[in-house]
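Engineer: below are the sequence and a predicted model; questions follow.
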Amino acid sequence: MDDNNRNLILAMVLSMAVVLVWFGFFAPEPPPPAADTEVSQSQTDAGGLATPAPDAATPAGAEVAASGSGDPSASAGRVTVKSPSLEGSISLAGGRIDDLQLTDYRETLDDNSPFVRLLTPTDSSHLTTVAEGTPVAPGGDPEVTLQKPYYAVYGWSPAAGTDPAAVPNAVTIWEVESGGDLGPDSPVTLRWDNGQGQIFRRTFALDDKYLFTVTQSVENTADTPFAAAPYGIIARHGQPDTQNFFVLHEGAIGMTDGELHETKYKNIVDLDPVAREGRAEITEVAENGWIGFTDKYWMTTLAPAPGQPFTAVVKYAEGADIYQAETRFPTVTVAAGQTASSESYLFAGAKEWETIRNYEESPGIQRFVDSIDWGWFYFLTKPIFRLLHWLNAHIGNMGWSIIALTFILKAIVFPLARKSYVSMAKMRELQPQMEALKERVGDDRTKMQQEMMALYKREKVNPAAGCLPILIQIPIFFSLYKVIFVTLELRQAPWIGWIRDLSAPDPSSILNLFGLLPYAAPARDSLVGIISLSIMAIILGISMWLQQKLNPAPTDPTQKMIFAWMPWVFMFMLGGFASGLVLYWITNNVITIGQQYAIMSMHGHPPNLFGNIRESVRPGKKKP
């Protein structure tokens, strides 16, 4: 077999290996079963940091999620939240931020689809419900149910010697001291008087996107000092529905003094037990950090003010099935007649790259952009996304931006591609000498290999050069896959016609003649859906087949059969990927065909494309 074919087969094998590894190791995992919820209580340790009691995992009051009528938020008032990007409410029971919808995003492509719900209260009676009692987002589709309770709560943990009843917790009923609806430039202050000489206030401010500024203060009107430690908690009841892909992180995430921490839900459950904590991971932070929970596109994160020391905690209540992320601050001693305060931030919204980057710059949330899961090839994924984002800002269509990005990436690797195609042209020049070698050495494979290597060295030809562009394409392919799969900017991004979501597979199907027949195509995860080829999948297969036909078919029958089936196998395997990725692959194949044809033609050895196609359709007689 000549080296052109050997290189092509090696490239195909490498590509197939990548795909097989992908499907073998990155398959979704089934979610673990949920457990029931129960109560726990906070206290303070000897070091003055807010810590839970031995059996605690959640602030007092979180257990009401399972108790129905016992939930104080069912009767407590609410503060309306309204901004250009958010709407919802804050419960006066505990002052919990527990009802948020993202008004820039809908659950599906349907214009009447409900907004994406991020946070959900323990009591949803104030939300719209259908006849069966299934809670749904206000004005939403009854088929879209609410997620399990998920909220942020703040409070104070009593220091040693301080009456636990003197500090507010997750069930304390607050009153509105100032402000109306919470929105940009319209802060709201809540007030609670413990009746023992301390007045607690909690002020919420909200920008026009997703960042809350939360200021907790305590005014000591008593004659003696008062000591307590402020904290912030994000509580998530039960494991949420997740994508469960190996390459996507969903779960707890945090940055502590420049070090990124990621813990999946299944691993939070398996954390080592810590005294008085349950299963927990505790990190002391000197001055900069943030912690919270991330989904594929959405995130809720606690971020203390830059330069402020705190303790970051991720933990799991085994009996309650509640996941928590906490920020605990050192104990504050407030002298008589004095006031102490603590300021921190809560991000609750969509993981928009530009928005998150702005928060990294101001108010200075350290490395906040790394909350987006850039993956193993982050050194490629980040610049590829920034370039794609820049192209989309100028082009205004993510599909055409992907095509433009492909041209740019091909231009960057063009010097290597050119060397590869020049080497292939030179290999063709050596074909007569190769045939002469075969006749001279006969079946002596060792002698043949030695003579071939000497010939390559003498003619300055690298037979492995044809594989280099393919090897470079592998990390670029995975990086682009990561960009399309993970980044919010690709979610529900349209291209042309029927392609309305580049992060999803092409919805067309050959089984209903691409929409001409009056019935829906089968689901892609069904048995019949395996053969439900889309328009883009078919174009992908044809482009791979044409790229293959730039080179003559191998003379070996087995290799020839493998080559004949390879494009169509890939068509079935890869056609169900995100349409944005398939679009990249098709564009890449078309550019590769043009580059190889032009470069090899310039060196006097143009690929016999149409001749190779005719040969594959009507094979000639074998030479005697």
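Structural biologist: Happy to help now that I have it.

Engineer: pop the domain breakdown of the protein in here.
Structural biologist: The chain resolves into domains spanning 3-23+381-617, 45-373 when parsed by automatic domain parsing.

Engineer: highest average neighbour count across those?
Structural biologist: Using mean count of other Cβ atoms under 10 Å, the stretch among the domains of the chain with the greatest mean number of neighbours is domain 45-373 (a mean of 19). Bear in mind the C-beta positions are built from the backbone N, C-alpha and C, glycine included.

Engineer: distance from the chain centre to that one, please.
Structural biologist: Going by Cα atoms, centre = their mean, to the nearest Å, the spacing between the C-alpha centre of domain 45-373 and its chain's C-alpha centre is 21 Å.

Engineer: pLDDT of that domain, averaged?
Structural biologist: Mean pLDDT, computed over domain 45-373, is 86.

Engineer: how about low-confidence regions in the stretch 401-550 of the chain?
Structural biologist: 463-470, 519, 524-527, 529 (pLDDT under 70).

Engineer: ok, 90 please
Structural biologist: By pLDDT under 90, the weakly predicted segments of the stretch 401-550 of the chain are 410, 412-482, 484-486, 507-534, 545-550.

Engineer: show me where the stretch 301-450 of the chain has helices.
Structural biologist: With helices called from DSSP state H, counting those that start in this stretch, the stretch 301-450 of the chain shows them at 353-361, 378-395, 398-412, 414-429, 431-441, 445-459.

Engineer: as a markdown table, those with distance to P505 would be great.
Structural biologist: Listed next are the helices of the stretch 301-450 of the chain as a markdown table, based on distance: least, Cβ to Cβ, whole Å:
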| stretch | distance to P505 |
| --- | --- |
| helix 353-361 | 24 |
| helix 378-395 | 20 |
| helix 398-412 | 14 |
| helix 414-429 | 29 |
| helix 431-441 | 42 |
| helix 445-459 | 44 |
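
Engineer: which one, of the ones you listed, ends up nearest to D506?
Structural biologist: Closest to D506 of the helices of the stretch 301-450 of the chain is helix 398-412 (Cβ to Cβ; 11.6 Å).

Engineer: so P187 touches R202, yeah?
Structural biologist: No. In terms of Cβ atoms under 8 Å, P187 does not count as a neighbour of R202; the distance is 10.7 Å.

Engineer: helices of this structure, start to end?
Structural biologist: 3-25, 265-269, 353-361, 378-395, 398-412, 414-429, 431-441, 445-459, 468-486, 535-548, 557-574, 579-602, 609-617 (DSSP state H).

Engineer: closest to E318 out of those?
Structural biologist: helix 265-269 (7.7 Å).

Engineer: for the closest one, packing partners?
Structural biologist: Here helix 265-269 touches strand 251-256, strand 278-285, strand 310-317, going by 3 or more Cβ pairs under 8 Å, 6 or more residues apart in numbering; DSSP states H and E.

Engineer: repeat the analysis, applying 6 Å as the threshold.
Structural biologist: Judged by 3 or more Cβ pairs under 6 Å, 6 or more residues apart in numbering; DSSP states H and E, helix 265-269 has no packing partners among the helices and strands.

Engineer: ok, residues contacting that helix?
Structural biologist: Under the criterion Cβ atoms under 6 Å, 6 or more residues apart in numbering, residues Q239, G251, A252, Y316, Y323 lie in contact with helix 265-269.

Engineer: quick check: bridge partners of the last one?
Structural biologist: Y323 has these beta-bridge partners by DSSP bridges: R236, Y316.

Engineer: name all residues that make contact with it.
Structural biologist: Going by Cβ under 6 Å, 6+ apart, Y323 touches R236, I268, Y316.

Engineer: of all these, which comes closest to L502?
Structural biologist: Looking across the contacts of Y323 and measuring by Cβ to Cβ, the closest to L502 is R236, at 29.8 Å.

Engineer: name the nearest residue to L550, ignoring sequence neighbours.
Structural biologist: Ranked by Cβ to Cβ, 6 or more residues apart in numbering and with sequence neighbours excluded, the top spatial neighbour of L550 is P607, at 4.0 Å.

Engineer: quick one: the one you found from K482, how far?
Structural biologist: Distance of P607 to K482, given as Cβ to Cβ, to the nearest Å: 33 Å.

Engineer: quick one, strands of the stretch 201-350 of the chain?
Structural biologist: Remark: strands assigned in the stretch 201-350 of the chain by DSSP state E, counting those that start in this stretch are 211-220, 226-237, 251-256, 259-264, 273-274, 278-285, 289-294, 298-304, 310-317, 322-328, 332-334, 339-350.

Engineer: closest one to L455 among those?
Structural biologist: The nearest among the strands of the stretch 201-350 of the chain, by Cβ to Cβ, is strand 259-264 at 51.9 Å.
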